[in-house]
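**Student:** coords please:
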Amino acid sequence: MGREFDQLFDEWASTYDETVSGIDPEYAEVFMHYEKILDAVSTKVSGYVLEYGVGTGNLTERLVNRAQKVIGIEPSAEMRNIARTKLGSVPVMDGDFFLIPTTNHPIDHIVSTYAFHHLTDQEKEKAIALYSSVLAPGGSIVFADTMFLTDEKKAETIQRADAADYKRLAEDLRTEYYTTIPYLQSLLEKHHFTSSFKQLNPYVWIMEAVKRS
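**Tutor:** All right, here's what the predicted structure looks like:
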């Protein structure tokens, strides 16, 4: 359920914000336009927002300026510690993409950046089905993450990483659960969402899925 990556993120937490700034050449394209990507997600939400994969709280800082209420979910203890220091009173809970916290108000939007690929394709469907059961018509999922138009495009990207001697990036692309846009579209359609996708850098697309009536 994505929690097999908790130790990795505990180890990465102290340098995560440096990495997303583009300091690491292997991941420079992955995090290209990072601030604009966060803005693109945050500007699509309001009301009551549930965020998965809070990390160090960079998206959350934007969400609290637009939403009435934000609840964060983060599986990494070290990431949670940093996020809680940044965010003050914003609740950041220990959990994964399948935790739906008890609230006194319906959730309007579910958001995430750079995290949904930690679920297998089967787990992605389980999560989307869960969100469909939680969101009212007009509610939405807004995720920004690395994804690919086709499996062939994914294979080409891995080959380019190998050719550039970006061993860590190539290994990530091989071992984590990056999926394709057509697959996500099929899941969203099956579970009563109308979806759109927009590419924001060579790796990352923003997915907006609105629950149908």
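
**Student:** Quick check: the closest residue in space to residue 87 that isn't next to it in sequence vs residue 153, distance?
**Tutor:** Among residues not flanking residue 87 along the chain, residue 57 sits closest, at 4.9 Å (C-beta to C-beta, 6 or more residues apart in numbering). Where you see a C-beta, it was placed from the backbone N, CA and C, and this is true even at glycine. To residue 153, residue 57 is 32 Å away according to C-beta to C-beta, to the nearest Å.

**Student:** more neighbours, those two?
**Tutor:** residue 57 (25 against 13; other C-beta atoms under 10 Å).

**Student:** Show the contacting residues for the more buried one.
**Tutor:** 72, 82-84, 86-87, 90, 92 (C-beta atoms under 8 Å, 6 or more residues apart in numbering).

**Student:** about what we covered before: tell me the pLDDT at the residue nearest to residue 87?
**Tutor:** Looking at residue 57, its pLDDT is 97.

**Student:** where's it relative to residue 152, distance?
**Tutor:** For residue 57, the distance to residue 152 - C-beta to C-beta - is 36 Å.

**Student:** Would you agree residue 177 is in contact with residue 118?
**Tutor:** Yes - using C-beta atoms under 8 Å, residue 177 is in contact with residue 118, at 6.6 Å.

**Student:** Between these two, which is the more surrounded one?
**Tutor:** In terms of neighbours (other C-beta under 10 Å), residue 118 is the more surrounded of residue 177 and residue 118; the figures are 26 against 14.

**Student:** Let me know whether that one touches residue 178 as I believe.
**Tutor:** No - using C-beta under 8 Å, residue 118 is not in contact with residue 178; the gap is 9.9 Å.

**Student:** what ranges do the helices span in the protein?
**Tutor:** Using DSSP state H, the helices found in the chain span residues 6-12, 16-20, 34-42, 58-63, 77-87, 121-134, 151-163, 167-175, 181-190.

**Student:** pLDDT weak spots in the protein?
**Tutor:** Across the chain, the ranges flagged by pLDDT under 70 are 1-3.

**Student:** Swap in 50 and give it another go.
**Tutor:** In the predicted model of the chain, no residue satisfies pLDDT under 50.

**Student:** Understood, closing this out.
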